[in-house]
Every structure is written in structure tokens, then in C-alpha cells.
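Q: Fold the following and give me the result.
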Amino acid sequence: MIQVLINTLTILASFCAMEAVAWLSHKFLMHGLMWKVHQDHHTGSPHKIQNNDSFFLIFAIPSWLFIMFGVMDGCDWKLYVGIGITLYGIAYFFVHEIVIHQRLRFFTRTKNAYLLALRKAHKAHHKHLDKEDGECFGMLLVPRKYFGLTPGPLSKGEGGISPTPS
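A: Presented below is the predicted three-dimensional model:
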């Protein structure tokens, strides 16, 4: 029973740590050394698949390796770290691709305060078309200043979000 708890905590800790890894890699790799690959995500691309989409490998490869070596070593801690990374990757895809950018047409209208704040923060990030002066590099943790927004329909254009009237 204690091992199940340890494994579950390892998965949760790995999942939570991935938000920091995502923030750091977004700020220092995507908006740094690898800007040319990430740039089409900010400036737009006529293609459904962008160069930026290749960044999933940054997370997929370590996840696969942790799972593989964890299984090879008798389902030790590495397996559960890999599961945590994988679950973060699934959450990232759902939040970034479906909720925010709506590559799949779900959640086009919501009144959920968290989802509205998430979209507003991401919109603030995308207002910068170059690699400097960025903000909101994380994915799941939203700064408090983006809450307190009035709900509205979420569209690809303006995002359907407006500040709360004073």
C-alpha cells in the first residue's frame, strides 16, 4: 500500500515539476536559442503543422526513456516519472491546442474563470511577435492579474475576453 502512495506521489511531483520545465524551456529555449523554430507559432503560418510543433519531442523523448528504462529496471521510480511527464504532455496538448488555440473545435464558449484567465494570459504572451519582452511562459499556472475577467464567447480573433468593468 505504501508503494502505491509513493508511486502516485512520484507521478504527481513529476507532473508538477513539468510546469517549471515547460516555463524554463519556453523562455530560454523557444524564446532564446531555438527562436527560429518557435517563431512561426507567434507570427503565424499558412500550414496546419508548424515548425513549433516539433517541440513536443523535448518532452516526449525523456518521457519515453523514463518509461522504458523504468520498465526495464522492474517498474522502479523512473516508470512513474515517465508517467508524470506523459500526463503533463497530455494536459499540455489539451490546454494549448484545444482550449487555447482551438485546433480542435471544443470549448469555443466557456464561462469558466480559470479557462478564461488561461486564454487571456496566453493572448498576452502572443501579443509579442518577437522573442524579446515576452510574458506568461508557463501553461497551467496563470498569474492572478488575468483572473476577474468577464466571460464571453471565445473566438480565434479577440478571444472573447474583456476586463471586468470598474
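Q: make it CA atoms for all contacts and neighbour counts henceforth
A: Will do.
Q: List the contacts of the spatially closest residue to residue 69 that is not a sequence neighbour.
A: Spatially, and ignoring its direct neighbours in sequence, residue 69 is nearest to residue 78 (6.7 Å; CA to CA, 6 or more residues apart in numbering). Residues near residue 78 by CA atoms under 8 Å, 6 or more residues apart in numbering: 66, 67, 69, 70, 71.
Q: ok, now how distant is the first one from residue 20?
A: Counting by CA to CA, to the nearest Å, the separation of residue 66 from residue 20 is 18 Å.
Q: Of those two, give the one with the bigger neighbour count.
A: Ranked by neighbour count (other CA atoms under 10 Å), residue 66 and residue 20 place residue 66 first, with 23 against 15.
Q: That one contacts residue 81, correct?
A: Yes - with contacts counted by CA atoms under 8 Å, residue 66 reaches residue 81, the gap being 6.6 Å.
Q: can you give me the strands in this structure?
A: Taking DSSP state E, the strands of the chain run over residues 109-110, 149-150, 152-153, 162-163.
Q: Could you tell me the least trusted of the ones you listed?
A: Ranked by mean pLDDT, the strands of the chain bottom out at strand 162-163, which scores a mean of 38.
Q: And the longest helix seen in the chain, what's buried?
A: Longest helix in the chain by number of residues (criterion: DSSP state H): helix 2-25. Going by neighbour count (16 or more other CA atoms under 10 Å), the buried part of helix 2-25 is 7, 8, 10, 11, 12, 14, 15, 18, 19, 22, 23, 25.
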